[in-house]
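# Fold the stuff below for me.
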Amino acid sequence: MGHGGASEASAAAFRDVTVGQLLSRLAVSLPDSDALVYADRQLRWSFADLEREARIIARGLIGAGVQRGDRVAVWATNVPEWIVLQFALAKVGAILVTVNTSLRAREIEYLLRQSEASTLFTISGFRGVDYMEEIRESGARPARVFFIGDNCPADARPYAELRTLAVNVTEKALDDRESAVGPDDVINMQYTSGTTGFPKGVMLSSRNIVNNGYWVGEGLGYTSADRLCLSVPLFHCFGCVLGVLGAYTHGACLCPLEAFDPAGVLAIVDREKCTALYGVPTMFLAELERPDFDRYDVSSLRTGIMAGALCPEPLMRRVIDKMHLAELTIVYGLTETSPGLTQTQRSADLVERTQTVGRAMPETTLRIVDPQTGDDVGPGIDGELWAQGYAVMKGYYNMPEQTAAAMTSDGWLKSGDQASIDQEGRVRITGRIKDIIIRGGENIAPKEVEDVLRTHSAIADASVYAVADAFFGEEVAAALRLHPGTTIDLDGVHDFCHERLARFKIPKHLRIVDGFPLTASGKVQKYRLRQAHEAELKSTLEC
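Residues are numbered from 1 along each chain as shown. A predicted model of the protein is given here:
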């Protein structure tokens, strides 16, 4: 598929509409264009098909008793029903609560209780976890539980029942319900992915997420000629906003995978001639390192998004050269900002794409603030990144104190990220404010130490964090992931760092790991690394 021109883009670019209205308008303007393709399921829907399906399910939701403002949780992989529900729930004014596919009983209990969900949609399970069993164990069963897939359990209702219920609800009843939904109504709730361990329900409106999708799509140059291979999870903003809404605000087609699989990604790009691809750096690396990479034709690729972590320059070069992603962009953001705050330009050089996260997106204002004084700092100086604009969340659900701590009275969102902005407006993320290690009064940014460790020939990746220390308060520690087939002398790593870092920044404690615990968006959960390392140090002392 080719890349269309400006007239085509303007014909199908929508913003400032509700999530439900977006699909309705696409069904009118691009009725026969491919909207959703699951080739392995022989499912290929146009925008008219998807609108028809979403309306049937929306009428079924009304028939089932789902009210405007109800929280409805969806606990599923990237199945077609997920995307149908995203639009159907929006049409009836219910709030989609996205659920991480890795949760277990204790975590799903917290989410269902805290969100006060009236309804839950789920599948049989994922990666060996039986979702219905986890729900039973949790004791937090909502009033309505619908099961997506075959062999519906006796204590759930089949998804297909919604079709039966829809018969009793008129099209006019749905139109009346949808017309009462406004762009500033909360339409989506996502639980923060938990780099600090405490999930909060982020309330987002159509104005938040449709416009964020629109501006990201503009940055990617999307038109209705584009086809996005989407393997990042829909339960995260990366999937359901930058993915679904980024594509659909420009009439582009979605080709999702139900779960990430590098061979599956390459096969879909090849078969569907996808022009765009998303992922975190480790996803792109997994695709490139497939032994059979060269048998797939990925020359149709043009653009996409890498997010979740900065991309090392060698990987970016390979992605651009071998995957034909010359217009790949970096997007940075937070769930609390819908999520995109910054994006690199499609024409950006390697320095901008690997050392910065680009510039502020349109209609978004950024500040860098000294967290101690609250004053703005100058260009190139580190501080806390604050954001203001349409993308800032409505708040945390039922958490007024946490909302007040995160947002100022005049609408600035405190990101918690340490960053700087240079004279050209390019943003560099240098760490989490709470990740800063304070060793004997010296502030140490983990990213600076990580950048040095990653230059070691045996180290594939590094994550630096604090561990408790009786003398200094905190001491520098690092988890190291090695290149396959390599070994390392940890004393030699200390010597390596000694030549490149001030003494107080050198990690005192090192451990080798097979991988890092990650959030859904690909961010390293440093609190878990710290907990594991401190437990290991404690057991060593006890021995």
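# residue ranges with poor pLDDT in the stretch 301-450 of the chain?
Counting by pLDDT under 70, the stretch 301-450 of the chain has low-confidence residues at 441.
# which stretches of it form strands?
Remark: strands assigned in the stretch 301-450 of the chain by DSSP state E, counting those that start in this stretch are 303-306, 327-333, 340-343, 359-360, 364-369, 383-389, 395-396, 413-421, 427-432, 437-439, 442-444.
# Comparing these, which comes out most buried?
Stretch with highest mean neighbour count among the strands of the stretch 301-450 of the chain: strand 340-343 (a mean of 27; mean count of other C-beta atoms under 10 Å). Backbone N, C-alpha and C define where each C-beta goes, glycine included.
# on that earlier part again, Serialize the strands of the stretch 301-450 of the chain to CSV and add fields for distance to residue 112.
Putting those into CSV (distance: least, C-beta to C-beta, whole Å) gives the following:
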stretch, distance to residue 112
strand 303-306, 31
strand 327-333, 26
strand 340-343, 28
strand 359-360, 36
strand 364-369, 33
strand 383-389, 30
strand 395-396, 16
strand 413-421, 26
strand 427-432, 28
strand 437-439, 36
strand 442-444, 40
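# Outline the domain layout of the protein.
Domain ranges of the chain: 6-418, 436-542, per automatic domain parsing.
# ranking those domains by mean pLDDT, which is last?
Mean pLDDT is lowest for domain 436-542 out of those, coming in at a mean of 88.
# Show me how far that one is from its chain's centre.
Chain-centre distance of domain 436-542: 25 Å, with C-alpha atoms, centre = their mean, to the nearest Å.
# Could you tell me the end-to-end distance of that domain?
From its first residue to its last, domain 436-542 covers 29 Å (C-alpha to C-alpha, to the nearest Å).
# quick one: residue 473 and residue 439 touch, right?
Yes. Assessed by C-beta atoms under 8 Å, residue 473 is found in contact with residue 439 at 7.0 Å.
# Pull the contacting residues for the nearest residue to residue 18 once chain neighbours are set aside.
Counting by C-beta to C-beta, 6 or more residues apart in numbering, residue 206 is the residue found nearest to residue 18 once chain neighbours are left out, at 4.2 Å. By C-beta atoms under 8 Å, 6 or more residues apart in numbering, the residues touching residue 206 are 17-19, 90, 181-185, 187.
# Could you pull out the strands in the stretch 1-150 of the chain for me?
Under DSSP E, counting those that start in this stretch, the stretch 1-150 of the chain gives strands at 34-38, 43-46, 71-75, 95-98, 119-122, 125-126, 129-130, 144-147.
# Can you say which of these is nearest to residue 226?
With C-beta to C-beta, the closest approach to residue 226 among these belongs to strand 34-38: 10.6 Å.
# could I have that closest one exported to CSV, CA atoms only?
The C-alpha trace of strand 34-38 is given here as CSV (Å, rounded to 0.1, in the frame of the first residue of the first chain):
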residue,chain,number,x,y,z
ASP,A,34,-10.1,-1.9,5.5
ALA,A,35,-10.4,-1.0,9.2
LEU,A,36,-9.5,-4.2,11.1
VAL,A,37,-7.7,-7.3,9.8
TYR,A,38,-7.0,-10.5,11.7
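# ok, back up a step: farthest pair within the contacts of residue 206?
Spatial extent of the contacts of residue 206 (C-beta to C-beta) is set by the pair 90 and 184 at 13.3 Å.
# So for these two, which residue has more residues nearby?
Higher neighbour count among residue 90 and residue 184: residue 90, with 27 against 12, using other C-beta atoms under 10 Å.
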